[in-house]
Structures are given as C-alpha cells and as structure tokens.
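**Q** Sequence first, then the predicted structure, then my questions.
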Amino acid sequence: MSGGVCKRIVVAGGGTAGWMAAAAIARSMGPAASVTLVESDAIGTVGVGESTIPPLVTYNRLLGINEADFMRATNATFKLGILFDGWKNGRDRYFHSFGSTGNDHWAAGFQHYWLNGRTRGHDAPYDDYCLELVAALEGKFAHLPDNALNYAYQLDSTAYARFLRSMAEGDGTQRIEGRIAEVALDPERGDIAALVLDDGRRIEGDLFLDCTGFRALLIEGALHAGFEDWTHWLPCDSAIAVQTANAGPPVPYTRAMAHDAGWQWRIPLQHRTGNGLVWCSRYLSRDAALDRLMGNLEGTVLTEPNHLKFTTGARRRQWHRNCIAIGLSGGFMEPLESTSIHLIQRAILRLIRMLPLGAVNPSDVAEFNDQQLQDMEQIRDFLILHYKATERRDSPFWRQCAAMDVPDTLAQKMALFAETGRVFRRNEELFAENSWVQVMLGQGIVPRSWHPIAARLSDDELARLLGGIRERVTRTVAGLPGHAAYVARYCGAT
Ligand code: FAD
C-alpha cells in the first residue's frame, strides 16, 4: 500500500485464519484500528484442521485466553506429538515428540551420546530418553512446573474460530455476513479499494487480509500474486475427512499411518475423533481412497465424508500491495506435521509487528515476504524428509518418493546427519534439532559417526548419564495421571 493510513483493516473470510487474525488485531491494536470481517455462511469453511503444535499455547496466552475455557469450547485434548506408522518400511513405527530427548551438551546434542552408547552396550531406544514421548505412549498427561512437559492441542478448529469470533466481536470487530462478488481495485494505484458484496454493499478499507481459503479471492483472484507449485516434492493432492465416535479414552497424540499412496490421520478430541486420508490421485482413485479410509476406522461414523482437493505450494508474494494472504489463501502443505494453523499464527504475529498506523514501508513488505516464505520452505523440507527417507519400494507412489530429487537445503541436512549425527537449526526455524533427529532416525537414517566429545566419557560416566535420564523419565511418567481423566478434571474445573 502506498501513502495512506492503515486504520481500516478488512478481513475477507471467517474460517480459522480470519477469526484468528481479527481476534489478535482487535485485541492488540484496540481503537487504533477498526477491524471488519466479511464471511459467507452459504460458502462455509474448509471444515478440517484439528492437530496443532506447541506455539499455539503461546498464541492463546498472548491473547489472554483462559486455557480451560478454550479447551471446553473446542473440545480440545492435549497433544505431545505424532505417532508415525509404516513410514520407514511399512511395518515400523516411530514417534515425533514435542519434547527434548536426553540432555544436550553445549557442544553436542544428546544423540551423539546415545549413538556412542550403542557401541558400548547401551541398547535402549532413543525414545526412552524423552519424557513427552514416553508419557504420550502411556496415555499420561499433566501440567508440570516450568513447562517441563511441552504440549499442543487437538481441537475442533471450527469451534476455535467461533470462540475467537466472540472474543473479536467483544473487542469491537464488526462482522458482516455476505458473499464477496467483486474485489474493486483503485484504478490509479492498483491497490484493493473495497470488497463489493453480491447485494451491492461496498466495504472499503486500507489494508485487506485475504482469509478466503483455497479460493484466494483477493491475493490471487484480484492481485495475481503468483503461486509456487511444490507438487513434485509433495505429490499428495487429495483428502477425505470423516469424524467418528471415540473408540476409547482420547490419547495425547495424533497418528499418521502410511499407506501405499499416502497416509491416514487419527486425531482424538474429547467428544469424537477426526480421521482423514491424504493421497495422491495419480496412484489411487477417489472410490478406492474412500474404501480404504472407511475400512480403517475405529468407532461409529458420525459424519458424511468431506472430499477436498489441494495443490501443495505457496503464494509467491504473501503480502502484495495492500493485501496479505493468511491461511490457505497463502498456500498449503499437507497436514502431516500439523503446521497450517501455526503458519496462520506466524503470519498474524509477524503482521502485527510490522503494522504501522502510517504509510506501509515497502521494506516491511519485502521482509514479511522473505520471512513467511522461509518459514514455508523450512516446513516443506521437513515434510519432504518423511517421503524421501524411506526404505519403502512397495508401490509406485513410494518408489517415486524415494527416487525424487529434493531441495538442496534438505539434501545437505540429510547428508550432514548421515555422516556426522549433526543437525543445525537455522534462522528461527520452526522445527528444532530434536525434531529432525527423531524423524531422521525414525525414517532409518543412522549416522555413521558422532561427536568425539561423547567418547570422552568413561564407561561409568556414560552409564550414569544414560541411566539417570531414563530413570528420571520413568519416574516422572509413573507419577502422571491418565490423560483423559486429567482433561475431564481440568475442563470441568471452573
Ligand atoms: P477456510 O476455512 O476455507 O475459510 C475461508 C473463509 O472465507 C470462509 O469463512 C468462507 O466463507 C470465506 N469465503 C470464501 N469465499 C468467500 C466469498 N466469496 N465471500 C465471502 N466469504 C468467502 N491445519 C492444521 O494446523 N492442522 C491440521 O491437522 C490440519 N488438517 C488439515 C487437513 C486437510 C485435509 C486440509 C485441507 C487442511 C488441514 N489443515 C490443518 C489446514 C487448516 O484446515 C486451515 O489452515 C485452517 O482451517 C484455516 O483455513 P482458512 O481460514 O484459511 O480457510
């Protein structure tokens, strides 16, 4: 945007992205900015998105949200990580937890001690040294002092949007119901001037947030920001979602079960379980995909299947002129590591940090675009890792994944780990070292060497270090309550 004063912020779309944005801006800016949100009940929302990652806990705290209220409203459970079934060879399983594993030394991560220990008779799996992981698999949870148990939520994102809507409206956001029929551009500057609804109403603004989902009505439909297609790296392009009744007490983790042309999710909430199949339409028909999903459900089916098509990739310019894409309008990568709602949150917090009341500085726009795209590329690489590092060759889908060329950034990371056991987190990357280590080990990359510092410990010292960590993990988990009972008590509390 050039020149004007960013006082009138118009949010187009009222899905999770729209209401997360409206709530955060209304709460942080107060009367300094007016927020108007336009949404269409007739069009509705994408209706999926249940698994999240730990930064959402911080986001809610920043907005001053009471956690128990939020969990009651969204039927949320706690999440300690993701259990991956069958990704390495079809029969394996591994866990990507949110915690750290073992104790890092300043010079070397814990994996170096663990790798060295394997040559000295310590054969306990890497998993045994992670509190979150062991607690998850035993179905335990509690809030521990100093956030010693790192967690996120499994939630109903439609209910989350509703919850945020009441907050945003309480903070002065004006909601307009109606269908956007046209995006009117300023004929001189080329910026967006107004949204025109199908009944002729015109909503003018200074800054427009495109939260219209896959439609991307403003950023692409009107401003043609461009799209970078990443399908050659992440070939899945279809999904079906269906909800079932809980077949048992909800567990504090999400499951991602690989199949021969994609994978299936299972996300337990308090009152039901979200299920879905993600697949590549080149290798599996829609009917076969539906059969596969329906044949692998637990619990009574509660909803009709929701079919979705998507193209994996990112909008080239996330902020273009006076329009910022937030949510699915900015791009989408499959929900394998539950990163979509996180990208919404990152975009909103980034925007608020760069939101001037006066003229927008083009350098802010350039910086925003660089940072946002870098986030997406780093997440993209992490997702590709799950497909590339596999021993599976049992279907054309997996053979394509194993044979594909990957981005240089990922190839370098995989080679470094395979050779030395080292991983480095660059530029505020979302996934920290231990996430990479867990997934690389889980997918079958075992480093050929490790940091020499690990070999400096005597046999006794190493045994004490490893034994001490495992003992602490076992003892702490033994003292934790069951997750389902804890959630019921916590949400029942006033
Ligand atoms: P939408 O929910 O589609 O909202 C778009 C809004 O724009 C709606 O209010 C709609 O009415 C409005 N709109 C559109 N056109 C018009 C118009 N012409 N006039 C007026 N209003 C209009 N994310 C996670 O973090 N974790 C997950 O586990 C996860 N799982 C997913 C699984 C699948 C298969 C898919 C496809 C996505 C998943 N996501 C997940 C992503 C998550 O669903 C989205 O990031 C999130 O719901 C935000 O969507 P949105 O608000 O951008 O779009």
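**A** Cool, the structure landed. Note that the structure is a prediction, hence the values are computed from the model and not measured.

**Q** quick one: Arg393 is in a strand?
**A** No - per DSSP: H, G, I helix; E, B strand; the rest coil, Arg393 lies outside any strand segment and is coil.

**Q** Quick check: the residue lying closest to it once chain neighbours are set aside vs Tyr387, distance?
**A** Excluding the flanking residues, the one nearest Arg393 by CB to CB, 6 or more residues apart in numbering is Arg399, at 5.4 Å. For glycine as for every other residue, the C-beta is placed from the backbone atoms N, C-alpha and C. From Arg399 across to Tyr387, the span is 11 Å (CB to CB, to the nearest Å).

**Q** show me where the protein has helices.
**A** Shown for the chain, the helices assigned by DSSP state H span residues 16-29, 55-62, 67-74, 110-118, 131-137, 157-170, 286-294, 340-353, 362-388, 396-403, 408-420, 433-442, 459-478, 483-492.

**Q** Leu80 is nearest to which of those?
**A** helix 131-137 (3.9 Å; CB to CB).

**Q** which outside residues touch the closest one?
**A** Outside helix 131-137, the residues that touch it by CB atoms under 8 Å, 6 or more residues apart in numbering are 80-81, 83, 95, 97-99, 101, 127-128, 141, 148-151, 251-253, 472-474, 476-477, 480.

**Q** before we move on, the earlier item: nearest to Pro235, out of the helices of the chain?
**A** helix 396-403 (6.7 Å).

**Q** Arg399 and Tyr387: who's more crowded?
**A** Neighbours per residue, other CB atoms under 10 Å: of Arg399 and Tyr387, the larger number sits with Tyr387, 25 against 13.

**Q** Tell me how far the more buried one lies from the ligand.
**A** 17 Å (CB to the nearest ligand atom, to the nearest Å).

**Q** Can you tell me which residues in the chain are near the ligand?
**A** 13-18, 38-40, 43-46, 48-52, 157, 179-180, 211-213, 215, 217, 239, 241, 276, 308, 310, 327-328, 335, 338, 340-341, 344 (CB under 6 Å from any ligand atom).

**Q** Buried ones among these?
**A** 13-18, 38-40, 45-46, 48-52, 157, 180, 211-213, 217, 239, 241, 276, 308, 310, 327-328, 335, 338, 340-341, 344 (16 or more other CB atoms under 10 Å).

**Q** Once you drop chain neighbours, what's closest to Gly109?
**A** Residue nearest to Gly109 in three dimensions, not counting chain neighbours: Glu433, with 5.5 Å by CB to CB, 6+ apart.

**Q** Find the residue closest to Ala136 in space, skipping its chain neighbours.
**A** Leu80 (3.9 Å).

**Q** between the helices of the chain, which gets nearest to Trp87?
**A** Of all the helices of the chain, helix 362-388 comes closest under CB to CB, at 5.9 Å.

**Q** Looking at that closest one now, give me its mean pLDDT.
**A** Here helix 362-388 scores 96 as its mean pLDDT.

**Q** returning to that earlier point: need the pLDDT of the residue nearest to Ala136.
**A** So, for Leu80, pLDDT stands at 98.

**Q** Write the PyMOL selection for whichever of the contacts of helix 131-137 are buried.
**A** Selecting the buried subset of these in PyMOL, with 16+ other CB under 10 Å as the burial test, is done by:
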select buried, resi 80+81+83+95+97+98+99+101+127+128+141+149+150+151+251+252+253+473+476+477+480
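
**Q** follow-up on the earlier one: I'd assumed Glu138 was in contact with the residue nearest to Ala136.
**A** No - taking contacts as CB atoms under 8 Å, Leu80 lies outside contact range of Glu138: 10.4 Å.

**Q** Give me the common contacts of those two.
**A** The contact lists of Leu80 and Glu138 share no entry, where a contact means CB under 8 Å, 6+ apart.

**Q** Could you pull out the strands in the stretch 101-250 of the chain for me?
**A** 152-154, 174-177, 180-185, 192-197, 202-204, 207-210, 227-229, 238-244 (DSSP state E, counting those that start in this stretch).

**Q** looking at these, which is closest to Val423?
**A** Closest to Val423 of these is strand 152-154 (CB to CB; 21.5 Å).

**Q** Give me the helices and strands touching that closest one, please.
**A** helix 55-62, strand 77-79 (3 or more CB pairs under 8 Å, 6 or more residues apart in numbering; DSSP states H and E).

**Q** Could you look over these and pick the most buried one?
**A** Ranked by average neighbour count under the criterion mean count of other CB atoms under 10 Å, these are headed by strand 77-79 at a mean of 28.

**Q** now for it, which elements pack on it?
**A** Using 3+ CB pairs under 8 Å, 6+ apart, strand 77-79 sits against strand 152-154, helix 483-492.

**Q** Please compute how far that strand lies from its chain's middle.
**A** Counting by CA atoms, centre = their mean, to the nearest Å, strand 77-79 is centred 14 Å from the centre of its parent chain.

**Q** Counting neighbours, what do you get for Glu177?
**A** Neighbours of Glu177 (other CB under 10 Å): 12.

**Q** Repeat that for the one 5 residues further on.
**A** Neighbour count of Glu182, defined by other CB under 10 Å: 14.

**Q** Please name the nearest non-neighbouring residue to it.
**A** Val196 (4.1 Å).

**Q** Likewise for Leu56?
**A** Ala152 (5.8 Å).

**Q** and the one you found, what is it in contact with?
**A** By CB under 8 Å, 6+ apart, the neighbours of Ala152 are Ser51, Thr52, Ile53, Pro54, Pro55, Leu56, Val57, Phe78, Lys79, Phe98, Ser338.

**Q** Okay, the fourth one and the ligand: tell me how far apart.
**A** With the distance defined as CB to the nearest ligand atom, Pro54 ends up 12 Å from the ligand.

**Q** How about that residue: what's its closest non-neighbour residue?
**A** Nearest residue to Pro54, sequence neighbours excluded (CB to CB, 6+ apart): Ala152, at 4.7 Å.

**Q** just the first one next, same as before
**A** Nearest in space to Ser51, with sequence neighbours left out and distances taken as CB to CB, 6+ apart, is Ser338 at 4.0 Å.

**Q** so the one you found touches Ala256, yeah?
**A** No - using CB under 8 Å, Ser338 is not in contact with Ala256; the gap is 9.4 Å.

**Q** Spit out the residues that contact those two alike.
**A** The contact sets of Ser338 and Ala256 overlap at Ile82 (CB under 8 Å, 6+ apart).

**Q** Ala23: neighbour count?
**A** For Ala23, the count of nearby residues is 27 (other CB under 10 Å).

**Q** domains for the chain, by residue range?
**A** What automatic domain parsing lists as the domains of the chain is 8-77+154-230+312-376, 238-309.

**Q** Format these as CSV; extra columns: distance to Ala403.
**A** Output for these, formatted as CSV (distance: least, CB to CB, whole Å):
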stretch, distance to Ala403
domain 8-77+154-230+312-376, 17
domain 238-309, 14
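
**Q** how about the ones you listed, which one is nearest Trp87?
**A** domain 238-309 (4.8 Å).

**Q** tell me the contacts of the residue in the stretch 151-300 of the chain that the ligand sits nearest to?
**A** Nearest residue of the stretch 151-300 of the chain to the ligand: Gly213, at 2.6 Å (CB to the nearest ligand atom). Gly213 makes contacts with Gly13, Gly15, Ala17, Thr45, Val46, Gly327, Leu328, Ser329, as judged by CB under 8 Å, 6+ apart.

**Q** Kind regards, and thank you for your time.
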